[in-house]
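Enquirer: Sequence and computational prediction follow.
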Amino acid sequence: MKIEHPYDKDIQEYTFDASNCSNEIIEHINSCEVCKKVSESYLVLSRELKSQPEPVLEFDLSELILDQLNFSKKEPIYNYLLSFIIIMSLGITFFAIYVFRDTFSNIFSANITISNYFIVSVTIFISLFLGLDMYRSYYKKINMLKY
Ligand SMILES: [Zn+2]
């Protein structure tokens, strides 16, 4: 029997897969109390590690991701709101034109002057410009919210 103990690596090999060990090492460990103890402690350590519960995250990752997805799902509601406001404005405009149709027909039939055309065209131009600007700033803000 060799007095020199084998390396830890060899004892681990003996403990978990003795088929690869040389006969010298197997003979030594079988006859040496110290090496047997080391081998047994490796077995105990391995069993303890296997019996540990799986690590669990303290927060629910899927819930966090779903929350973010729900945020982006809210977006169409804003689009519906914008469409609703545009349709309401158009409705109110046409209703006002309908109610004051006599006044409007007077403007366009009786007193056709260059100043009337000028006022109407400037009004339309300013309305278009303001509407376009509101629309652009609305989408800019919505894109900033999306991150
Ligand atoms: Zn030994």
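Expert: Cool, got the structure. Numbering: from 1, shown residues only.
Enquirer: how near is the nearest residue to Ile29 once chain neighbours are set aside to Met134?
Expert: Nearest residue to Ile29, sequence neighbours excluded (C-beta to C-beta, 6 or more residues apart in numbering): Cys35, at 4.4 Å. No exception for glycine: its C-beta is placed from N, CA and C like everyone else's. From Cys35 across to Met134, the span is 84 Å (C-beta to C-beta, to the nearest Å).
Enquirer: And the average pLDDT for the helix or strand that contains Tyr135 is what?
Expert: Element membership for Tyr135, per DSSP states H and E: helix 114-146. The pLDDT scores in helix 114-146 average 87.
Enquirer: tell me what that helix is packed against?
Expert: Secondary-structure packing of helix 114-146 (3 or more C-beta pairs under 8 Å, 6 or more residues apart in numbering; DSSP states H and E): helix 75-99.
Enquirer: starting at the chain centroid, how far to the helix it packs on?
Expert: Centroid separation for helix 75-99 versus its chain: 33 Å, with C-alpha atoms, centre = their mean, to the nearest Å.
Enquirer: What is it packed up against?
Expert: Packed next to helix 75-99, using 3+ C-beta pairs under 8 Å, 6+ apart, are helix 114-146.
Enquirer: just the angle between the helix it packs on and helix 75-99, please?
Expert: Helix 114-146 runs at 170 degrees relative to helix 75-99, counting by axes from the mean of the first three to the mean of the last three C-alpha atoms, to 10 degrees.
Enquirer: Any idea how far helix 114-146 is from the middle of the chain?
Expert: On C-alpha atoms, centre = their mean, the centre of helix 114-146 falls 35 Å from that of its chain.
Enquirer: Around Pro6, count how many other residues there are.
Expert: 20 (other C-beta atoms under 10 Å).
Enquirer: ok, it to Tyr80 distance?
Expert: Pro6 is 77 Å from Tyr80, by C-beta to C-beta.
Enquirer: Could you do Ile86 as well?
Expert: Taking C-beta to C-beta, one finds Ile86 at 11 Å from Tyr80.
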